[in-house]
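Trainee: quick one, fold the following:
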Amino acid sequence: MEKQNNEFNLELATKLAGLSSAAYKSKKSFIHAIRNLGFVDNIYQYELLENDNAQCYVVWSKQNKEIYIAWRGTEPGEWKDVVADLKFRKVIGHQGKVHRGFKGYVDKVFPKVENLINDIVKRNKDIWYDIYVTGHSLGGASALICTNRLEENLGYVIKSCYTFGGPRALGWGGRKWVKTPVWRVRNNNDIVTKVPFWIFGYTHVGKMCYIDTEKKLHIGHTKWKVLFWNWIKGHLSRLGDSVRDHSVNDYYTILRDQKRGK
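Mentor: All right, here's what the predicted structure looks like:
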């Protein structure tokens, strides 16, 4: 059995941020976007899974023994996505309480994800696939719920889950449910990472990877003084900083530049 990724991997994080950005694109544009990330046509296959407003891409390679699941995030023009974000009353999931809107979004398309993953694995029983799950915004919340279902319901070992600008999706006990290493990347004042409020019984899951105003990446615990002063610097530097920090393209370019040593 392959080991999970218990250490933050900048190269992988950059690839998954790019994949999360590509997940917003149409099928025709998606293939061009993932080529730029190193997913070669004759090695990797992909499929868009969708139902109503819920969508995710699955990218896999028999040769490289990899499966990537990238959930599409909130699209402001899609009112159903926005409604899903606002439904913050908790409901009971298969293990505990979970955000009603995010659960409903995943419910729409997860059976297709389950069928495709099972089909890929069963067709190649001699291969142990590394599985990665990712997403931005609503896609980040969906990635977390999807990861938990794959590991608990289907018994898959997920290599790691990376979320970008993801909101709180699980109830206070949620940290105990998810066995997969989760890395939640937050770009400074990104407003979506602060909702729903913890006072309503929600919690973040995984280790925070914090990007400050200087584009420096902090892995794990970040002192409150660092967060406070960067909160001030961000809001003084530009109008609408907390909204603009949510851009999926910013997540990708910042991590890409970190990888390049800029």
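
Trainee: tell me the span between the first and last residue of stretch 198-207.
Mentor: Stretch 198-207 has an end-to-end distance of 17 Å (C-alpha to C-alpha, to the nearest Å).

Trainee: equivalent analysis for stretch 177-185, please.
Mentor: First-to-last distance for stretch 177-185 - C-alpha to C-alpha - comes to 20 Å.

Trainee: average pLDDT across it?
Mentor: Averaged over stretch 177-185, pLDDT sits at 92.

Trainee: buried sites along it?
Mentor: Residues of stretch 177-185 classed as buried: 177-178, 180-185 (neighbour count, 16 or more other C-beta atoms under 10 Å). Every C-beta, even on glycine, is put in place using the N, C-alpha and C of the backbone.

Trainee: just give me the longest helix of the chain.
Mentor: Longest helix in the chain, counting residues (DSSP state H): helix 100-123.

Trainee: with secondary structure as added columns, please give the buried residues of stretch 177-185 in CSV.
Mentor: CSV is the format used below for the buried residues of stretch 177-185 (DSSP: H, G, I helix; E, B strand; the rest coil):
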residue, secondary structure
Trp177, coil
Val178, coil
Thr180, coil
Pro181, coil
Val182, strand
Trp183, strand
Arg184, strand
Val185, strand
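
Trainee: for those residues, which one is nearest Pro196?
Mentor: The closest of the buried residues of stretch 177-185 to Pro196 turns out to be Arg184 (C-beta to C-beta; 15.0 Å).

Trainee: what are the bridge partners for the closest one, then?
Mentor: Judged by DSSP bridges, the bridge partners of Arg184 are Thr163, Met208.

Trainee: I figured it hits Arg168, correct?
Mentor: No: contact status for Arg184 versus Arg168: not in contact, 9.9 Å apart, counting by C-beta atoms under 8 Å.

Trainee: joint contacts of these two?
Mentor: Residues touching both Arg184 and Arg168 (C-beta atoms under 8 Å, 6 or more residues apart in numbering) are His204.

Trainee: if we can go back for a sec, show me what counts as buried in the longest helix of the chain.
Mentor: Result for helix 100-123 [16+ other C-beta under 10 Å]: buried residues 100-106, 108-110, 112-114, 116-117, 120-121.

Trainee: and it, what does it pack against?
Mentor: Where contact means 3 or more C-beta pairs under 8 Å, 6 or more residues apart in numbering; DSSP states H and E, helix 100-123 is packed against strand 45-51, strand 54-61, strand 66-71, helix 79-86, strand 90-92, helix 138-152.

Trainee: buried residues, the first one. List them.
Mentor: Meaning strand 45-51. 46, 48-49.

Trainee: so what strands line up beside it?
Mentor: Under the rule (DSSP bridges), strand 45-51 has strand 54-61 (antiparallel) as partners.

Trainee: pLDDT of the strand it pairs with, averaged?
Mentor: 96.

Trainee: ok, stretch 122-137 next?
Mentor: In this model, stretch 122-137 carries a mean pLDDT of 92.

Trainee: stretch 107-116 now?
Mentor: The model assigns stretch 107-116 a mean pLDDT of 96.

Trainee: export only the CA atoms of that stretch, formatted as PDB.
Mentor: What follows is stretch 107-116, C-alpha atoms only, in PDB (Å, rounded to 0.1, in the frame of the first residue of the first chain):
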ATOM      1  CA  ASP A 107     -24.500  14.500  -3.700                       C
ATOM      2  CA  LYS A 108     -25.500  15.500  -7.300                       C
ATOM      3  CA  VAL A 109     -22.400  14.200  -8.900                       C
ATOM      4  CA  PHE A 110     -20.600  11.900  -6.500                       C
ATOM      5  CA  PRO A 111     -22.300   8.700  -7.800                       C
ATOM      6  CA  LYS A 112     -20.700   9.400 -11.100                       C
ATOM      7  CA  VAL A 113     -17.300  10.000  -9.500                       C
ATOM      8  CA  GLU A 114     -17.700   6.800  -7.500                       C
ATOM      9  CA  ASN A 115     -18.600   4.800 -10.700                       C
ATOM     10  CA  LEU A 116     -15.700   6.200 -12.700                       C
END
